[in-house]
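Asks: got a predicted model here, sequence first, then my questions.
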Amino acid sequence: MHFWNRGSIRIVLESMEEIRIPNDATYSPVALTDLITAAPLASRVLLGATLPGRVVSAAALGLYAGSAVKDWMHRRDVDWIDFEDQFGSDVKRLDPMPDEERRDEIERLASRLAREFTAERRPREELAEQVNHHLTEYIASMTGQRVVTSSEVRDFTLAKLLFPFAMGVCDIVSGDVAIFKDTGILEAHVITHEFAHRKGYWKELHAQALSYLTLVHSGDPLLVQAGLAERLHRQLKVVSKHDHDAYHDLVEGLKMRDELTEQFHTLRPAPSTYESSVSTVMKTMYDQRMKLTGQNGLSDYDEGFTNFLWTFSRAIGVGRDPGQAAI
Ligand SMILES: [Zn+2]
């Protein structure tokens, strides 16, 4: 579809269908999942009794289920993106990106990041509102439907203890999103990725792709930087074959400005003993769970994501301009 002037764009946007997902659970002051799991235990420890905890827990479960059902009802009218039609790529359609192309892309990403570097930081709440807006518009540009969801983000849920390697989580059932740490340069990406899940795109490859493409086309330097940084971060992981030292050597070899080099080192800290033992177990389970749900496994975060952009960049006759995958 082509638009000839700003006036016509405005008219099209105004007539666009809007679907509001209530996401009630995300507005609860404490994660309902935490209340359901932790309340009985806490009351036993603190009060030596199980009843108060059970009451809290049952109430939380009721709210949680109610919110989930309400969201599900609203989500039934959503038109989903057909990734193959739009990008010529999807979970089961990924061309492997050759190693030399990856290395070349790493160089180009690093120099663009250095050229356009911004040291700006924005409060998480403000960032969440902004990326949610951009994500809604980006999806709507393909489906013609604006799916409006909550911009709430919390910084703690018990899931943090189970997934110490994760930067954030989205509870698919309730849409509750938690960001676990200061993710620095990637902050906007981590939030957008979780928000893509909240809008109903629960596959990791889809969340990665939608987040990246939303951010790099937002026109906001801070968001563009986050998207490019995630792409570089994932390429570095693939090329280093997930080896800790090889990753850090690659970062050093890029000779980026100090602020960027430091950020990329921080993204792969040496894990504590607790983290590495829990991570090994949980990562294996998570990888299995992804495979059971029609995904390729943990590789969808990095290898799959970069292969997706590679496949899209060479696609012919697709809905989106393959130039969107260029650096
Ligand atoms: Zn995810």
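Replies: Received the coordinates, thanks.
Asks: every contact and neighbour count from this point should use C-alpha atoms.
Replies: Will do.
Asks: what about the stretch 1-150 of the chain, any weak spots by pLDDT?
Replies: Where the stretch 1-150 of the chain drops to pLDDT under 70, the residues are 1-14, 39-52.
Asks: who touches the helix or strand in which residue 209 is found?
Replies: Assessed by DSSP states H and E, residue 209 sits inside helix 204-216. Residues outside helix 204-216 that contact it (Cα atoms under 8 Å, 6 or more residues apart in numbering) are 90-91, 131, 134-135, 138-139, 188-189, 192-194, 196-197, 201, 223-228, 230-231, 295, 300-301, 304-305, 308-309, 324-325.
Asks: so of those, which ones are in helices?
Replies: If you go by DSSP state H, the contacts of helix 204-216 have 131, 134-135, 138-139, 188-189, 192-194, 196-197, 223-228, 230-231, 304-305, 308-309 in helices.
Asks: picking up where we left off before, buried sites along the helix holding residue 209?
Replies: Within helix 204-216, the residues that count as buried by 16 or more other Cα atoms under 10 Å are 204-216.
Asks: send the alpha carbons of it over as PDB?
Replies: Taking C-alpha atoms only, helix 204-216 is exported to PDB below (Å, rounded to 0.1, in the frame of the first residue of the first chain):
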ATOM      1  CA  GLU A 204      11.200 -16.800  21.000                       C
ATOM      2  CA  LEU A 205      12.200 -16.300  17.400                       C
ATOM      3  CA  HIS A 206       9.100 -14.100  16.800                       C
ATOM      4  CA  ALA A 207       9.800 -12.000  19.900                       C
ATOM      5  CA  GLN A 208      13.400 -11.500  18.900                       C
ATOM      6  CA  ALA A 209      12.600 -10.600  15.300                       C
ATOM      7  CA  LEU A 210       9.700  -8.200  16.200                       C
ATOM      8  CA  SER A 211      11.700  -6.500  18.900                       C
ATOM      9  CA  TYR A 212      14.700  -6.000  16.600                       C
ATOM     10  CA  LEU A 213      12.800  -4.700  13.600                       C
ATOM     11  CA  THR A 214      10.600  -2.400  15.800                       C
ATOM     12  CA  LEU A 215      13.600  -0.800  17.500                       C
ATOM     13  CA  VAL A 216      15.800  -0.300  14.400                       C
END
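Asks: so where do the strands sit in the protein?
Replies: Along the chain, the stretches classed as strands by DSSP state E are 17-20, 145-148, 168-170, 177-179.
Asks: of all those strands, which one comes closest to residue 269?
Replies: Among the strands of the chain, strand 168-170 comes nearest to residue 269, with 16.3 Å by Cα to Cα.
Asks: what are the contacting residues of that closest one?
Replies: Outside of strand 168-170, the residues within contact range by Cα under 8 Å, 6+ apart are 159, 176-181, 190-191, 194-195, 197-198.
Asks: so for those residues, which is the shakiest by pLDDT?
Replies: Checking pLDDT across these, the minimum falls on residue 159 at 74.
Asks: picking up where we left off before, got a PyMOL select line for the buried ones in the contacts of helix 204-216?
Replies: Only the buried entries of the contacts of helix 204-216 go into this PyMOL selection, using 16+ other Cα under 10 Å:
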select buried, resi 90+91+131+134+135+138+139+188+189+192+193+194+196+197+201+223+224+225+226+227+228+230+231+295+300+301+304+305+308+309+325
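Asks: pretty sure residue 254 sits against residue 110.
Replies: Yes - if you go by Cα atoms under 8 Å, residue 254 and residue 110 touch, sitting 6.9 Å apart.
Asks: more neighbours: those two, which one.
Replies: Neighbour totals were compared for residue 254 and residue 110, and residue 110 leads with 20 against 13 (other Cα atoms under 10 Å).
Asks: between the buried residues of helix 204-216, which sits nearest residue 28?
Replies: Comparing those against residue 28 with Cα to Cα places residue 207 closest, at 24.2 Å.
Asks: from residue 91, how far out is the closest one?
Replies: Residue 207 sits at a distance of 11 Å from residue 91 (criterion: Cα to Cα, to the nearest Å).
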